[in-house]
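Asks: Model the structure of this input:
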Amino acid sequence: MIVGYDNLRKNQMMTIASSFRNLVRLSVATLLLAAPTQSLLSASTQSLAADSLAKVIAGAKEEGRVSLYEGQQPQAWAKIMAAFQKRYPFVTSYDQERLVAGATVTRVITEARAGISTADIVASGTVQMDDFAARGLLQPVDWKALGIPEKSVFDRYTAVGSMFAYVIGYNTDLVTGADIPKAWDDVLDPKWKGQGSWWFNSQPWATLAAVWDEGRAVSFLDNLLAQDWRLSRSAATVSAWLSSGETPIGIVVLHRMQAAQSKGAPVGWTFADPVPVQLITYGLLKDAKNPNAAKLLIHWLTTPEGAKVYEDAVYRGNPYVEGTEMNRLIGSRNIAYHEGERLAEFKSMTEKMIKLLEKNR
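Replies: Numbers count the residues shown, from 1 in each chain. As a prediction, the model looks like this:
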């Protein structure tokens, strides 16, 4: 049953048009910056670096430090690196700068054009990392020779670190029993019109097109927009709305729901089939000053120990690493994402979804 939801949206409406325009500007800017240019080194000229873990450890001992661009909070990385340095105490210092989405693209490309080398590792979504590789900004690495499990190897430039999993979240005080949405089409039920919320971006719907056909994905997004849900550019905000009961259901990322639930919020979630995910991968920047320490950190983050430490710190895990909560939750589920050879298709679908969102803003 739906419990006591009495138009909580009153006097709480967002300035949707303004938020959407900002979102579209960011999405378009990211796509434009990510377009490879002829002025940068061609990725095809780079050879694969096949180093054993023992050789990497020896090199890391000489380097003694590592730096990275990654989107998590510095306090989370303090916990992660404390565990890494306990395992490898010869890496005595590190520097992590929190960069997300378009900011990562801007920084990496701008520094490359200026001939500046600041970070050793960059972490981002597969589309951004593919474009970095196409520009010659990443070093190819033989991840398998390094001991990284095959499932965690995305391509010759990147290894999977974690992922966003999109779920249907709900407030357990307001939504119970048969009213809990279990499939994607359930959120289109007329009873949810004007009552839901979602993290307003194109990625989950472009991702679902990897399993659904384009027509179904576009139709679903059209119908979702017609539901007149409350929108936010922040997954954390959607999670807060669900936690407080401001909206009874919503589409959000799993790790936000996990974090809210761990703090006692009355929230639950369902994994609609298929589960759209966004892989976050790590790559070694071309001009890394500490390449061995960087490879060692990436390797450790794909081990059961490192993956669990990372997941405990940020509630976002790697489903391909046994022993992680993400592996337990979705390791055997039908997940949707575009593999390396289909990234061009994903980019095209993302552009189509952005246009659809812009048309309906």
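Asks: What is the burial count for Tyr282?
Replies: By other Cβ atoms under 10 Å, the residues close to Tyr282 number 30. Just so you know, the C-beta spots here come from the backbone N, C-alpha and C atoms, and that holds for glycine as well.
Asks: helix, strand or coil for it?
Replies: Of the three states, Tyr282 takes strand under DSSP: H, G, I helix; E, B strand; the rest coil.
Asks: Show me the beta-bridge partners of the nearest residue to Gln73 once chain neighbours are set aside.
Replies: Using Cβ to Cβ, 6 or more residues apart in numbering and skipping residues adjacent in sequence, the residue nearest Gln73 is Arg98, 6.5 Å away. According to DSSP bridges, the residues that bridge with Arg98 are Glu70.
Asks: pretty sure Arg98 contacts Ala76?
Replies: No: if you go by Cβ atoms under 8 Å, Arg98 and Ala76 don't touch, sitting 9.4 Å apart.
Asks: Would you mind telling me which of those two has more residues around it?
Replies: Neighbours around Arg98 and Ala76, counted as other Cβ under 10 Å, are more numerous at Ala76. The numbers are 19 against 14.
Asks: List the buried residues for the strand or helix carrying that one?
Replies: Element membership for Ala76 (DSSP states H and E) is helix 74-87. Buried residues in helix 74-87, counted by 16 or more other Cβ atoms under 10 Å: 76-77, 80-81, 83-84.
Asks: tell me the mean pLDDT for that helix?
Replies: Mean pLDDT, helix 74-87: 97.
Asks: can you check stretch 108-121 too?
Replies: 94.
Asks: ok, residues contacting it?
Replies: Identification of contacts with stretch 108-121 by Cβ atoms under 8 Å, 6 or more residues apart in numbering yields 33, 39-40, 66-70, 95, 97, 122, 132, 135, 137, 282-291, 293-294, 297-298.
Asks: List the residues that contact Lys55.
Replies: So, once contact is read as Cβ under 8 Å, 6+ apart, Lys55 ends up touching Asn292.
Asks: check which helix or strand covers it.
Replies: Using DSSP H and E, Lys55 falls in helix 53-63.
Asks: just to revisit the earlier point, let's see which of the contacts of stretch 108-121 end up in helices.
Replies: 33, 132, 291, 293-294, 297-298 (DSSP state H).
Asks: Point out the least confident member of these, please.
Replies: Among those, Leu33 has the lowest pLDDT, at 44.
Asks: any idea how the protein splits into domains?
Replies: 16-27+165-277, 41-163+279-340 (automatic domain parsing).
Asks: so how far is the last one off the chain centroid?
Replies: Read that as domain 41-163+279-340. Computed by Cα atoms, centre = their mean, to the nearest Å, the chain-centroid distance of domain 41-163+279-340 equals 13 Å.
Asks: residues in contact with the closest residue to Gly64 other than its chain neighbours?
Replies: Take Gly64 and drop its neighbours on the chain: the residue closest to it by Cβ to Cβ, 6+ apart is Thr92, 5.2 Å away. Contact analysis of Thr92 by Cβ under 8 Å, 6+ apart lists 64-65, 85.
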